[in-house]
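*Asks:* no sequence on this one, just coordinates:
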């Protein structure tokens, strides 16, 4: 039997619709839509960026597919990630969240969403948009890679290190450098669509 290639050696793969997509993208419609329409596309809306940062933290130790399937439920139970509402959650609300099977029922992650809401509001109160704040870590530019295989993807960079350090100093939780790198990819600060992917060909 021939050796099975390592998952990390995978290149952009051809899907049934005739388009090549990044090797991490599964064929199910939800993942395909996320890959095609969101991942690596610059996101500029402050509230959506706050939501994404929280959800990337929720992903820690899990797969993004798991979180993506829960995303709409997260939006419902966390009031659309309205930080002004989230900071007012009382013990009863927190207990309901921890009993909700539609989210990741991790006490530290739920608590992080709420403390992140306060840190986010504090940052906005200083007179700066979250979008502008985040762009500083890439000097206001999209960093574009065109890696061929999954093995070439870094798990962190000096930019994600700097973002992680600054977010932590501001009181954000679940914002380690690996999470920050994934967040930068997802929010389009870094464009990591693989060589051969149809989205990469647009650039």
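*Replies:* Thanks, I have the structure now. Predicted model, so just to flag it, every value in this text is computed and none were measured.
*Asks:* Does anything pack onto the longest helix along the chain? Which helices or strands?
*Replies:* Counting residues, the longest helix found in the chain (DSSP state H) is helix 107-125. Helices and strands touching helix 107-125, by 3 or more CB pairs under 8 Å, 6 or more residues apart in numbering; DSSP states H and E, are helix 46-58, helix 83-86, helix 91-98, helix 130-135. The C-beta positions use only the backbone N, C-alpha and C, and glycine is treated the same way.
*Asks:* Show residues contacting it.
*Replies:* Defining contact as CB atoms under 8 Å, 6 or more residues apart in numbering, one finds that helix 107-125 is touched by 46, 50, 53-54, 57-58, 60, 78, 83-84, 86-87, 89, 94, 97-98, 103, 130, 133, 167, 170-174.
*Asks:* what about burial for these, which qualify?
*Replies:* Buried subset of the contacts of helix 107-125 (neighbour count, 16 or more other CB atoms under 10 Å): 46, 50, 53-54, 57-58, 60, 78, 83, 86, 89, 97, 103, 130, 133, 167, 172-174.
*Asks:* returning to what we had before: what is the mean pLDDT for the longest helix of the chain?
*Replies:* When pLDDT is averaged along helix 107-125, the result is 98.
*Asks:* Over to stretch 13-32?
*Replies:* 96.
*Asks:* Okay, buried residues for it please.
*Replies:* 13, 19, 20, 21, 22, 23, 24, 25, 26, 31, 32.
*Asks:* any low-confidence regions in this protein?
*Replies:* 1-7 (pLDDT under 70).
*Asks:* any idea where the strands of it begin and end?
*Replies:* In the chain, the strands defined using DSSP state E lie at 13-14, 20-21, 143-144, 190-191.
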